[in-house]
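Q: The following block contains a protein sequence and its predicted model.
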Amino acid sequence: MESALDAGQAMQFLIAFTTLWILMCFALSLWGGWWQLTDRYRGTPSKAAAKWRFESASMRRMAAYPGCLKFSIGREGLGISILFLFRVGHPPLLVPWTDITAHELESLVIKKVRLNFAKEPDVPLTISLKLARQIRDTSPAYWNLDF
């Protein structure tokens, strides 16, 4: 009898945890603006020339993605995706190079670059200066920026 009760409680916990996880992922996507970007920029590069995994970024309203993003570059643009566990509500993005502007942010401690997207200017993506330079240096024909 106890094992059946334990199995039932375990199943309830699993259902509750999974439901909460899905809701949290969707809430982060809506709050930070990822979901808004998918309306205009859903996709992946057809052939990625370079990839950076386990990168961090932040979006509007302090929505943070610490160490769970993958950036890839291709002829079509910059690909941004999230680790599988967090993918709910976060389809992969492909932003054309011509839609990206970048501005270095002034900070005393950490150097960052804010990416703005032409079709969704209210949803910025902030990445490290190091990652921005790696992307720029790997794709000079597409993204020629000074920072």
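A: Sure, I can see it.
Q: buried ones in the biggest helix by length in the chain?
A: The longest helix of the chain (DSSP state H) is helix 2-32. Neighbour-count burial for helix 2-32, counted by 16 or more other Cβ atoms under 10 Å, picks out 25, 28-29, 32. Placement of C-beta: from N, CA and C, glycine included.
Q: and after the lowest-mean-pLDDT helix or strand in the chain, which helix or strand comes next?
A: Ranked by mean pLDDT, DSSP states H and E, the helix or strand of the chain with the weakest confidence is helix 2-32, at a mean of 82. Of the helices and strands lying after helix 2-32 in sequence (DSSP states H and E), the nearest is helix 34-41.
Q: quick one: that following helix to helix 2-32, angle?
A: 60 degrees (axes from the mean of the first three to the mean of the last three Cα atoms, to 10 degrees).
Q: same question for the following helix or strand past helix 34-41, mean pLDDT?
A: Next in sequence after helix 34-41, counting helices and strands by DSSP H and E, comes strand 50-58. Averaged across strand 50-58, pLDDT comes to 94.
Q: Helix or strand next in line after strand 50-58, which one?
A: Counting by DSSP H and E, what follows strand 50-58 is strand 64-73.
Q: just to revisit the earlier point, gap between the least confident helix or strand of the chain and the chain center?
A: 23 Å (Cα atoms, centre = their mean, to the nearest Å).
Q: next one: stretch 17-35
A: With Cα atoms, centre = their mean, you get 13 Å for stretch 17-35.
Q: Can we start the residue count at 623 from this point?
A: Okay, residue one is now 623; in that scheme the one you just asked about reads as stretch 639-657.
Q: CA atoms only: put that stretch into CSV for me.
A: In CSV, the C-alpha atoms belonging to stretch 639-657 read as follows (Å, rounded to 0.1, in the frame of the first residue of the first chain):
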residue,chain,number,x,y,z
PHE,A,639,7.1,20.0,-11.7
THR,A,640,6.7,19.6,-15.5
THR,A,641,3.8,22.0,-15.6
LEU,A,642,5.6,24.6,-13.6
TRP,A,643,8.7,24.2,-15.8
ILE,A,644,6.7,24.7,-19.0
LEU,A,645,4.9,27.8,-17.5
MET,A,646,8.2,29.3,-16.3
CYS,A,647,9.9,28.8,-19.7
PHE,A,648,6.9,30.5,-21.5
ALA,A,649,6.8,33.3,-18.9
LEU,A,650,10.5,34.0,-19.4
SER,A,651,10.0,34.0,-23.2
LEU,A,652,7.1,36.4,-23.0
TRP,A,653,8.6,38.7,-20.3
GLY,A,654,12.0,39.0,-22.0
GLY,A,655,10.8,39.3,-25.5
TRP,A,656,12.1,36.1,-27.1
TRP,A,657,8.5,35.1,-28.1
